[in-house]
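> everything below, folded, please.
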Amino acid sequence: MKLRHLALGLAALLAATPLAAQESLLRARLNSDIRSTDPGTNRDANTDAVVLHVVEGLVAYREDTSIGPLLAEKVEISGDGLAYTFTLRDGVRFHNGATLTSEDVKFAWDRYLRRETNWRCLPEFDGRGTTKITAIETPDPRTVVFRLERPTALFLANMARADCGGSGIWHRESLNADGSWKAPIGTGPFRLGEWRRNQFIEVTRFADYAARAGEPDGYTGNKTPLVDRVRWLIIPDASAAKAALLSGAIDINPDIATQDIPELQARLDMRLASSPTMGMMAILMQTRDPLLSDVRIRRAIALSLDYAELVQALSDGQSRYNPSVIPVASGSHGAVQREGFSRNLDEARRLLREAGYRGQTIRMITTRRYNSLLEMATLSQAMAQEAGINIEFEVIDWATQLDRYTRGDYAMMAFTYSARLDPSLSFEMVSGPKATQPRKAWDNPEALALMQESMRVTDPARRQAIFDDLHRRFIAEVPMIVLYNDANVAAHRAGMVGFRAWATGQPRFWGVRLQ
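Numbering: from 1, shown residues only. This is a model prediction of the structure:
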């Protein structure tokens, strides 16, 4: 009865704003409302997904997570890495009809760089993080020059981040007279429409959108809108979302539960789109623990696991084993990153004897919040037992687990990391001095120096050599066991054509049409 009432509620929402003749409406599920429309400020993943249909930055992530131009036609980097010159594309217009100029770019960035804006990514550009922007120059209407205090390989990568709102450029009419945020007037393929809080948010096709040539490519490439409106319906309950999809009340659920995959695959009116994400599933090992401080015991645990069986079970066959902190979808993931562990119980037992292990209990923390983490603990416990390793796991709530993780208060932990799109940031996510950052799993001064170098050098070959070196050191020291990158699986109705899942897990509705 509850699902029936929810379905009726969705039908009422759709009837509340009837379509004009021949107008196309794509209906998508959001599991919670967005937080604001101000790019990269009061935000979460749902907010980013919606806002990045409306605003665009100078550069953006491609499908393979490399960086490509978006509002920029080209980017030139000075020999010393301290000046980035962007040439803007010709003919780009804002949703209010105004032509994009370098002054608009500077105006938006000046606001991002003010502390009172509370932009999430300010530390990356004000000197607290990788670099500091010392000046933004506009020598002519189509040229913008960013000058930096020190070189960094992450300048464009940070600029393109979804959680930064893609550093989206918006027209100054997006602000109220007092300088406060009003609503985004961007350059994206869709313009902001109606937002009924906790019900739906809608965007409408921008008829004068200046699309790049070629094919869609991540958040850049050709982003031509092919539907008149996209309406994200707020449906928090997963069962209600499934019912809405099956009944036709929505066209797509961008993130379905893996247990629903077999049923939806079997339906002729449904299509699935799957992609490995940049998120990471792993088993953490506290290198300061009395037992696990011995690398031989950590390696024995790694050699006791059957990775093919683990990943198959934990991901319902949607992912494959990846021993590296660099995700499989990254352009920096190659043959070296595939070097990992294979099950070898005899070698595991030999290492345990050599280390003097006598069956002492090793405690692993897990949670019921994510079923895969609970299963990770259960399966790894059983596999390790075959090598004579005694693991007991403790099930706690997710908030408590995060607190324990932050304090480094664990021996082992089944854990999940959110996406990092640049390899340097993937290593930074798990590496650092435990004395000041106890949450970090890998505390190795030489590795930290290499990671910092990877953030400075811009030569791709040199960066890749550093990442390869870091991976081999990581596998040798076993501060944690990386298992796989989770998959994002979207389900949509058969009449929706052109949708593709990708590594960020964020849905994109340009290039998508309804038959």
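
> going by C-alpha atoms from here, please, whenever you check contacts or count neighbours.
Fine.

> can you pull out the helices in the stretch 301-450 of the chain?
Ranges of helices in the stretch 301-450 of the chain, per DSSP state H, counting those that start in this stretch, are 307-315, 345-355, 371-385, 398-407, 423-430, 445-456.

> mean confidence for the first one?
Right, the one you point to is helix 307-315. Taken as a whole, helix 307-315 has a mean pLDDT of 95.

> just checking, what packs against it?
The contact analysis (3 or more CA pairs under 8 Å, 6 or more residues apart in numbering; DSSP states H and E) places helix 307-315 against helix 371-385, strand 480-484.

> most tightly packed of these?
Of all these, strand 480-484 carries the top mean neighbour count, a mean of 25, counting by mean count of other CA atoms under 10 Å.

> walk me through which strands whichever helix or strand comes after it pairs with, and which way each runs.
Counting by DSSP states H and E, the next helix or strand C-terminal to strand 480-484 is strand 487-493. Partners of strand 487-493 in the sheet, by DSSP bridges, are strand 252-253 (antiparallel), strand 270-276 (antiparallel).

> closest to residue 505 out of those?
The minimum distance between residue 505 and the strands paired with strand 487-493 falls on strand 270-276, with 7.8 Å, by CA to CA.

> what are the buried residues along the closest one?
270-272, 274-276 (16 or more other CA atoms under 10 Å).

> what of stretch 106-126?
In stretch 106-126, counting by 16+ other CA under 10 Å, buried: 106, 108-109, 112-113, 117, 119-122, 124-126.

> as a markdown table, those with secondary structure and distance to residue 459 would be great.
A markdown table is the format used below for those (DSSP: H, G, I helix; E, B strand; the rest coil; distance: CA to CA, whole Å):
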| residue | secondary structure | distance to residue 459 |
| --- | --- | --- |
| 106 | helix | 28 |
| 108 | helix | 30 |
| 109 | helix | 27 |
| 112 | helix | 28 |
| 113 | coil | 28 |
| 117 | helix | 33 |
| 119 | coil | 29 |
| 120 | coil | 28 |
| 121 | coil | 24 |
| 122 | helix | 25 |
| 124 | helix | 20 |
| 125 | coil | 21 |
| 126 | strand | 24 |
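
> tell me the spacing between residue 369 and residue 278.
For residue 369, the distance to residue 278 equals 20 Å [CA to CA, to the nearest Å].

> between the two, who's got more neighbours?
residue 278 (29 against 13; other CA atoms under 10 Å).

> hmm, residue 488 and the more buried one touching each other?
No: Residue 278 lies out of contact with residue 488 (CA atoms under 8 Å); the separation is 9.7 Å.

> minimum distance to residue 481: which of the strands paired with strand 487-493 has it?
Taking CA to CA, strand 270-276 is the member of these nearest to residue 481, at 18.3 Å.

> identify the residues contacting whichever helix or strand comes after that closest one?
As assigned by DSSP H and E, the chain's next helix or strand after strand 270-276 is strand 280-285. Identification of contacts with strand 280-285 by CA atoms under 8 Å, 6 or more residues apart in numbering yields 292, 298, 325, 327, 410-419, 441, 479-486.

> check stretch 267-277 too.
264-265, 318-319, 327-329, 419, 485-495, 499-505.

> show me which of the residues you listed are buried.
For those, buried by 16+ other CA under 10 Å: 264, 318-319, 327-329, 419, 485-494, 499-505.

> how much space separates the nearest residue to residue 173 once chain neighbours are set aside from residue 104?
Leaving aside its sequence neighbours, residue 173 sits nearest to residue 185 (CA to CA, 6 or more residues apart in numbering; 7.0 Å). Applying CA to CA, the value for residue 185 to residue 104 is 12 Å.

> between the two, which one's more packed in?
residue 185 (22 against 18).

> mind listing what the closest residue to residue 303 other than its chain neighbours touches?
Excluding the flanking residues, the one nearest residue 303 by CA to CA, 6+ apart is residue 343, at 4.8 Å. Under the criterion of CA under 8 Å, 6+ apart, the neighbours of residue 343 are 302-307.

> could you look up the SS state of the nearest residue to residue 197 once chain neighbours are set aside?
The spatially closest residue to residue 197, leaving aside those adjacent along the chain, is residue 33, at 6.9 Å (CA to CA, 6+ apart). Classification of residue 33 by DSSP: H, G, I helix; E, B strand; the rest coil places it in coil.

> so residue 33 is in contact with residue 46, correct?
Yes: contact criterion CA under 8 Å: residue 33 and residue 46 qualify, at 7.3 Å.

> list the contacts of the residue nearest to residue 173.
So, once contact is read as CA under 8 Å, 6+ apart, residue 185 ends up touching 54-55, 94-96, 170-171, 173-174, 191-192.

> recalculate using a threshold of 6 Å.
Residue 185 is in contact with 95, 170-171, 174, counting by CA atoms under 6 Å, 6 or more residues apart in numbering.

> and it, that's in a strand?
No: the assignment for residue 185 (three-state DSSP) gives coil, which keeps it out of a strand.

> all further residue positions should be reported with the first residue as 625.
Right, with 625 as the first residue, what we last looked at is residue 809.

> how near is it to residue 720?
7 Å.

> so how many other residues sit close to the nearest residue to residue 981 once chain neighbours are set aside?
Using CA to CA, 6+ apart and skipping the chain neighbours, the partner closest in space to residue 981 is residue 921 (7.7 Å). If you count neighbours by other CA under 10 Å, residue 921 ends up with 23.

> give me the element residue 921 is part of.
Counting by DSSP H and E, residue 921 is found in helix 919-927.

> may I ask you to name the longest helix in this structure?
helix 1084-1101 (DSSP state H).

> quick one: mean pLDDT over it.
97.

> what score does the residue nearest to residue 797 have for pLDDT?
98.

> any weak-confidence spans in the protein?
625-645 (pLDDT under 70).

> find the residue at the geometric middle of it.
Against the mean C-alpha coordinate of the chain, by CA atoms, centre = their mean, the closest residue is residue 1043 at 3.8 Å.

> for the residue nearest to residue 894 when sequence neighbours are not counted, give me its contacts.
Computed as CA to CA, 6+ apart, the closest residue to residue 894 that is not its neighbour in sequence is residue 1117, at 4.6 Å. By CA under 6 Å, 6+ apart, the contact list for residue 1117 reads 875, 893-894.

> compare residue 657 and residue 670 (neighbour count), which wins?
residue 657 (21 against 17).

> pretty sure that one contacts residue 822?
Yes: using CA atoms under 6 Å, residue 657 is in contact with residue 822, at 5.4 Å.

> can you list the strands paired with strand 1111-1117 in a markdown table and add distance to residue 1096?
Compiled in a markdown table, those are given as follows (distance: least, CA to CA, whole Å):
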| stretch | distance to residue 1096 |
| --- | --- |
| strand 876-877 | 39 |
| strand 894-900 | 23 |
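
> for the ones you listed, which one sits closest to residue 1057?
Among those, strand 894-900 sits nearest to residue 1057 (CA to CA), with 30.2 Å.

> let's see the closest one as PDB, backbone CA atoms only.
In PDB, the C-alpha atoms belonging to strand 894-900 read as follows (Å, rounded to 0.1, in the frame of the first residue of the first chain):
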ATOM      1  CA  MET A 894      14.600  -2.400 -19.200                       C
ATOM      2  CA  ARG A 895      18.200  -1.700 -20.100                       C
ATOM      3  CA  LEU A 896      21.200  -1.700 -17.800                       C
ATOM      4  CA  ALA A 897      24.300   0.500 -18.100                       C
ATOM      5  CA  SER A 898      27.300  -0.400 -16.000                       C
ATOM      6  CA  SER A 899      30.700   1.100 -15.400                       C
ATOM      7  CA  PRO A 900      33.500   0.600 -12.800                       C
END
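
> and the angle for that strand with strand 1104-1108?
Put simply, strand 894-900 runs at 150 degrees to strand 1104-1108, going by axes from the mean of the first three to the mean of the last three CA atoms, to 10 degrees.
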